[in-house]
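all I have is the shape, not the residue letters:
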């Protein structure tokens, strides 16, 4: 398909602005650009049709099942979009006087209150714009806390080998050295390995629970105790909170810092890769280090700003991806105390239902009940039939289903990770199971058919090697 | 209670039975009793109608000003209708990161187009798919310049406080040192800067126009950075680039900025857009996603995420950055905005911002608000006055006008965009005159 | 798989070609390139970088992975194979001609294997 820059004709354009109603002024020639702008010359019709065509070539949650493990691709309620589009939110300048932005401040106040209740934390910042940004922020809180106690030697952060790539990358950005600990055979934290890894240089531990293989770590209290006794703090990666929200809280498990992904657990849309929102909650002890200013409710019921006295500073301008927080608050108000629990229960139910339907055919990486997601390992298929996780993923595209997460976690070979979420109906799960069983049949009888998939998508498999060897990154 | 769970309780029971269970509790048996939560202290859920009323009530507690003359990092520009219509398309809104290229060509192509337009706007060679905002883009760019020998980040004091603050916080993480180059008369002090740059300097960050709206001599500042062997990072206002000299022409190694003026509403500070573009030789140091063009197995044009081995999911602790989610929908917004504006529209927007800001400045000077810095400016400028800023601003507020940002007791930072008409400005000036007259 | 007799090998799948007592070419073995798949980029050290035997000195990227290349010697980088910057695929096509680094002032090496010993190691790894 042509690029927007390849469409249109010189001289075309939209009529958007009235004539300038003051005397025209110009900067000095020396300050002006000499190179042409080269923006598209297109009509409104062309723009509208171009992007409609691109939208048709984009699979969203509204198009079909999206069981992308670790990403919680639940349905994004339309009322949340309506709330975020209210002009009382969109037309508010971030530097308006506090008394004229009481509604915005109330949104942050309520979101903080409810999300602290859900996570068992004492305070929260909404400045981080995404999960990884939240990790970075949370690790800086841990660093600042140790520094405030004069304990400068705690520079190591323990990360299980099953962790998301952002965990070690965030630790590196926070100036902490990553100590990878191997997982036990069942995917849980190896307690002996953890005991050996902790010491006087331990800043903390980063953990996802349920972990990245979809299991709740039963030893969680022991794990967080080992780290605390060694003088470290526990960081909870909230990527998988959807499984347990309203059922168990990171704060009660011994975690000191939590980041959430509002664009996963709290149903805000992913927007093709963002904007997300990665608020960070923490215990009372860490609250003085939070970035940015926090909203405080005054005695007269109005809202004001309060700055943390030992703040790590700002991690971004202003107060974060505010409209994403508006959506999440709308979602929480809609579900309420029963709805939050119901969502978690059904996320776990749906995952186990799909797992049960596949378990006789697809080799499960781990046995037994899972939480909100489960991992399949196709290593044996690769050896027996020459069919890989990638082949199965691509074949699913021809069934109109977004593939599960591939090749993650790294500790499972030929991994496919399924997370159906609670917003899918039983029929959808049955249809997906039928499609996957049909693909399994082909893997055994006609692997070539799988290698040739997808056939019905706008393009076939792209040549990623050439793209990386000889990058063409602009038109 | 509202719910998005499709299954009825009967269906849920049947599904439990299919798994071989009787109750939901059995699903959570692995969670130790000690950490089980027995009641969540949240309000009861609401119907859609009730929640809509509740959110409208909260939004109603904000004040929507009739006219806005405040910028300082968030700009009130006109957003064409087509922009809002395109970015509301469900497929774009609800899709995940385009890891599955075959069913994500639309998002991938839109990002490729965004990268193309950012390269043209800045004159740079390569753009990433966006980061969180202008401040984090500046901090990420500074990190790109660091090596074993060069660990000092030099930042102009005339850069916005939010940008300086974010660079400092990122430096607290990485252990880099931040030095601030002083400002003189509202612009980076080149003489003082020379003394600060040396063999340890990784980069110099300057914003154009700067926090006070002033135009910096970026070409000369880039020259100073390069003489010291450091990189030059230029923070840009994308609308100003409609007429102002590009970072490429100024000799920047990396261009960054906040893309909010390109079609994103004020939204109390976010979501906005961080854009980053660099010279070819720094391509592999760029953080975050980059889309590349290639072909599929049939020879059709295709787009994919490329150069992924830089990123955290592959390089883990050795990645150039931890960024994963970006601001893709905002990047799409910027691309549609630039397409709708076209070269002529963008130039006209920039020209009207410049012309109207200069008109307002002259009129305010007559009304008692003196121009503080004498250098040329784009669409923001600082005034000083005998009468406290708060008196003017309160008076304007009562008239439904959001005046400039008070920088101190006497200084106000004003901003004018193409949206502000002559009539609005004259009304503003009239109100300012009233205050000056009453208080003198 | 081809493991030329005249080369020495490491257990981390580099080959070493001694040019004289203190100088050597270092590359990746055929087995290494086949495991890595299509290479798309090579990060090479700068000339004059100090090398320590057994420590990472470079890395190679495929589309979905990055792997460290370990220095088999202690010494100094005399030259890098610039051609690979534009043509990483040469490592896939002709692994034994596509040296990454020419090392000089070699003072020490890791434990180096003969072609037979290395072939046995590869066979073991493949199982």
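Perfect, thanks for sending it. Please read these numbers as outputs of a predicted model, since none were measured by experiment.

partner strands of the longest strand seen in chain B and their direction?
If you go by DSSP state E, chain B has its longest strand at strand B:201-208. Partner strands for strand B:201-208, per DSSP bridges, with pairing direction: strand B:152-156 (parallel), strand B:231-236 (parallel).

so which of the ones you listed gets nearest residue B:430?
Ranking the strands paired with strand B:201-208 by proximity to residue B:430 (Cβ to Cβ) places strand B:231-236 first, at 34.4 Å. All C-beta atoms are positioned from the backbone trio N, CA, C, and that covers glycine.

show me what the helix or strand just after the closest one is packed up against.
Downstream of strand B:231-236, the next assigned helix or strand under DSSP states H and E is helix B:247-250. The contact analysis (3 or more Cβ pairs under 8 Å, 6 or more residues apart in numbering or on different chains; DSSP states H and E) places helix B:247-250 against helix B:218-227, strand B:231-236, strand B:254-258.

looking at these, which one is packed in the most?
Sort the helices and strands packed on helix B:247-250 by mean neighbour count, taking mean count of other Cβ atoms under 10 Å in any protein chain shown, and strand B:254-258 sits at the top with a mean of 30.

tilt between the following helix or strand past it and strand B:254-258?
Using DSSP H and E, the helix or strand that follows strand B:254-258 in sequence is strand B:274-278. Counting by axes from the mean of the first three to the mean of the last three Cα atoms, to 10 degrees, strand B:274-278 lies at 170 degrees to strand B:254-258.

anything in the helix or strand just after strand B:274-278 near chain C?
Going down the chain from strand B:274-278, the next helix or strand is strand B:291-295, by DSSP H and E. No: judged by Cβ under 8 Å from any Cβ of the partner chain, strand B:291-295 stays clear of chain C, getting no closer than 10.9 Å.

show me what contacts the residue of the stretch 151-300 of chain A found nearest chain C?
Across the stretch 151-300 of chain A, the shortest distance to chain C (Cβ to the nearest Cβ) belongs to residue A:165, at 11.4 Å. Residues in contact with residue A:165 (Cβ atoms under 8 Å, 6 or more residues apart in numbering or on different chains) are B:311-316, B:319, B:324.

pull the number of nearby residues for residue 66.
All of this is about chain A. 27 (other Cβ atoms under 10 Å in any protein chain shown).

that's the other chain; I wanted chain C
The burial count for residue C:66: 21, using other Cβ under 10 Å.

OK, contacts around it?
Neighbouring residues of residue C:66 by Cβ under 8 Å, 6+ apart: B:309, B:314-315, B:318, C:59-60.

go again with 7 Å.
By Cβ atoms under 7 Å, 6 or more residues apart in numbering or on different chains, the contact set of residue C:66 is B:309, B:314-315, C:59.

pLDDT value on it, please?
For residue C:66, the pLDDT comes out at 91.

ok and the residue in the stretch 51-200 of chain A nearest chain B?
residue A:88 (2.8 Å).

correction: the previous question concerned chain C.
residue C:61 (3.7 Å).

let's verify the residue nearest to that residue when sequence neighbours are not counted: helix, strand, or coil?
Leaving aside its sequence neighbours, residue C:61 sits nearest to residue B:309 (Cβ to Cβ, 6 or more residues apart in numbering or on different chains; 3.7 Å). Secondary structure, DSSP: H, G, I helix; E, B strand; the rest coil: residue B:309 is helix.

mind listing what residue B:309 touches?
Residue B:309 touches B:315, C:41, C:61, C:66, counting by Cβ under 7 Å, 6+ apart.

which of those fall in strands?
C:41, C:61, C:66.

so the first one sits against residue C:88, correct?
Yes: distance between residue C:41 and residue C:88: 5.6 Å, which falls inside the contact criterion (Cβ atoms under 7 Å).

out of the contacts of residue C:66, which are buried?
By neighbour count, with 16 or more other Cβ atoms under 10 Å in any protein chain shown, the contacts of residue C:66 hold B:309, B:314-315, C:59 as buried.

which of those fall in helices?
In this view, these that belong to helices under DSSP state H are B:314-315.

the buried ones among the contacts of residue C:66: which two are farthest apart?
Pairwise over these, using Cβ to Cβ, the maximum falls at B:314 and C:59, 10.9 Å.

and the one helix or strand residue B:110 maps to, how far from the chain's centre?
In the assignment (DSSP H and E), residue B:110 maps to helix B:105-122. Remark: helix B:105-122 is offset 17 Å from the chain centroid, using Cα atoms, centre = their mean, to the nearest Å.

now do it, average pLDDT.
Here the average pLDDT along helix B:105-122 is 98.

who does the helix or strand following it touch, helix- and strand-wise?
For helix B:105-122, the following helix or strand on the C-terminal side (DSSP H and E) is strand B:126-127. Using 3 or more Cβ pairs under 7 Å, 6 or more residues apart in numbering or on different chains; DSSP states H and E, the elements in contact with strand B:126-127 are helix B:105-122, strand B:274-278.

mean confidence for the last one?
Read that as strand B:274-278. Per-residue pLDDT over strand B:274-278 has a mean of 98.

same question for stretch A:311-328.
For stretch A:311-328, mean pLDDT is 97.

so residue B:73, which of the three states?
Secondary structure, three-state DSSP: residue B:73 is coil.

how much space between it and residue B:235?
As for residue B:73, its distance to residue B:235 is 11 Å (criterion: Cβ to Cβ, to the nearest Å).

so for those two, which residues contact both of them?
With Cβ under 7 Å, 6+ apart as the test, residue B:73 and residue B:235 reach no residue in common.

and the spatially closest residue to residue B:418 that is not a sequence neighbour, how many residues sit next to it?
Of all residues not flanking residue B:418 in the chain, residue B:352 sits nearest, at 4.0 Å (Cβ to Cβ, 6+ apart). Neighbour count for residue B:352, taken as other Cβ under 10 Å: 26.

what does residue B:67 give?
The burial count for residue B:67: 19, using other Cβ under 10 Å.
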